[in-house]
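K.L.:
this one's sequence-less:
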Ligand SMILES: NC(=O)c1ccc[n+]([C@@H]2O[C@H](COP(=O)([O-])OP(=O)(O)OC[C@H]3O[C@@H](n4cnc5c(N)ncnc54)[C@H](OP(=O)(O)O)[C@@H]3O)[C@@H](O)[C@H]2O)c1
């Protein structure tokens, strides 16, 4: 099988974690990195033994040896950086949130589809074995029809107004930073919702620091979701159906354990170790090997649906980013 030759755009925290995880992925070669500065490109390349180091993102996308680029820049830059890569014919795995809003998302999707180049949101939690297992159990009818999903992602982060998650100038928001994970899980398990209600705690910088969202589906099922960047939450996902329940143990988005219950009585527990971001990289490799331009697991139409939901939530909380 052909090895996918990856480049990484940006050298921040998540770029480091992704590069570390690449060592566990199949059929990948991390061959290039692009940074705004030569010094950071070199330091990153030395740390991960990456042969091609580029002192600009433009030079990275011109690297003819690169097949796929992982976009690991700030929320406000995902659109321009993704389009830069797509226009150079590179497959793209773009960090979440995919963009700031639906308008930007549409531009990215349109470019990928016009150019027939692979594009996927890096919603890595969908690819870890525990979440894959939970979905398989649901599809196999193990818990009957879903009646209720509860999921959350909250941490106690910095109060610094300039911190990435608090600063509206770089797309700060609890919802865009971590609320997107439970929202994506609800979309993964239940599809499009019919009704939505929510509330948020807006911080001094004008963006949400915590929020609670309830979605209702045509079947009547409910998803009760919450997120925070100023408070720790329970970190579990609990899926309750007409015939049983599934717990994706905390922290559910990188869980290593799934338990099935029948009316609260434990039936079976699965141990599901994972290799963090390697699973999403492997999935991109599988898609490229199969000649796909979109992922069947994290399709662009679902990315757009998630972004529309987040736009509606932000609008209802009165949050607008500069330039919107
Ligand atoms: N999947 C996950 O688990 C996960 C976790 C955390 C974050 N994320 C997402 O990943 C993205 C990056 O987050 P992060 O925590 O890695 O952020 P970070 O540490 O601040 O890194 C962001 C990178 O963006 C590049 N950049 C370009 N222009 C910049 C500017 N004007 N100011 C600052 N940086 C600039 C920089 O790379 P160069 O200096 O090399 O150019 C920088 O290192 C965000 O969209 C975030 O939502 C995902």
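P.N.:
That came through fine. Since the model is a prediction, treat every value here as computed from it, not as a measurement. Numbering: from 1, shown residues only.
K.L.:
only C-alpha atoms for contact and neighbour calcs from this point on.
P.N.:
Fine.
K.L.:
helices and strands around the helix ranked longest in the chain, which ones?
P.N.:
Longest helix in the chain, counting residues (DSSP state H): helix 300-316. Helix 300-316 sits against helix 102-115, strand 119-121, helix 180-190, with contacts defined as 3 or more Cα pairs under 8 Å, 6 or more residues apart in numbering; DSSP states H and E.
K.L.:
just give me how far the first one sits from the chain centre.
P.N.:
Helix 102-115 sits 17 Å away from the centroid of its parent chain (Cα atoms, centre = their mean, to the nearest Å).
K.L.:
do the same with the second one
P.N.:
Relative to the mean C-alpha coordinate of its chain, strand 119-121 is positioned 9 Å out (Cα atoms, centre = their mean).
K.L.:
now for that strand, which elements pack on it?
P.N.:
strand 91-94, helix 300-316.
K.L.:
looking at those, spot the one closest to the ligand.
P.N.:
Nearest of those to the ligand, taken as Cα to the nearest ligand atom: strand 91-94 at 8.4 Å.
K.L.:
so does that closest one get close to the ligand?
P.N.:
No. Applying Cα under 6 Å from any ligand atom, one finds strand 91-94 separated from the ligand by no less than 8.4 Å.
K.L.:
got it, and stretch 26-41?
P.N.:
Yes. Contact of stretch 26-41 with the ligand (Cα under 6 Å from any ligand atom) involves 35, 36, 40.
K.L.:
in PyMOL, select just the buried ones from these.
P.N.:
Filtering the residues of stretch 26-41 next to the ligand down to the buried ones (16 or more other Cα atoms under 10 Å) takes a single PyMOL command:
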select buried, resi 35+40
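K.L.:
all strands of the stretch 51-200 of the chain, in order?
P.N.:
Remark: strands assigned in the stretch 51-200 of the chain by DSSP state E, counting those that start in this stretch are 52-54, 68-71, 91-94, 119-121, 146-154, 195-202.
K.L.:
among the helices and strands packed on strand 119-121, which comes closest to residue 189?
P.N.:
Residue 189 sits nearest to helix 300-316 of all the helices and strands packed on strand 119-121, at 11.9 Å, using Cα to Cα.
K.L.:
need the residues that contact that closest one.
P.N.:
98-99, 101-102, 105-106, 109, 119-121, 175-176, 180, 183-184, 187, 192, 198, 294, 320 (Cα atoms under 8 Å, 6 or more residues apart in numbering).
K.L.:
show me which residues of that helix are buried.
P.N.:
300, 302-311, 313-314.
K.L.:
what's the most buried one of the strands of the stretch 51-200 of the chain?
P.N.:
strand 68-71 (a mean of 28; mean count of other Cα atoms under 10 Å).
K.L.:
circling back: let's have the buried residues of helix 300-316 in CSV, adding pLDDT and distance to residue 31.
P.N.:
Formatted as CSV, the buried residues of helix 300-316 follow (pLDDT from 0 to 100; distance: Cα to Cα, whole Å):
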residue, pLDDT, distance to residue 31
300, 98, 27
302, 98, 30
303, 98, 28
304, 98, 30
305, 98, 33
306, 98, 32
307, 98, 32
308, 98, 35
309, 98, 36
310, 98, 35
311, 98, 36
313, 98, 39
314, 98, 39
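K.L.:
so which bits of the stretch 101-250 of the chain are right by the ligand?
P.N.:
Going by Cα under 6 Å from any ligand atom, the residues of the stretch 101-250 of the chain near the ligand are residue 177.
K.L.:
report pLDDT for residue 1.
P.N.:
pLDDT, residue 1: 67.
K.L.:
which ones among the residues of stretch 26-41 next to the ligand lie within helices?
P.N.:
Reading helices off these with DSSP H, I get residue 40.
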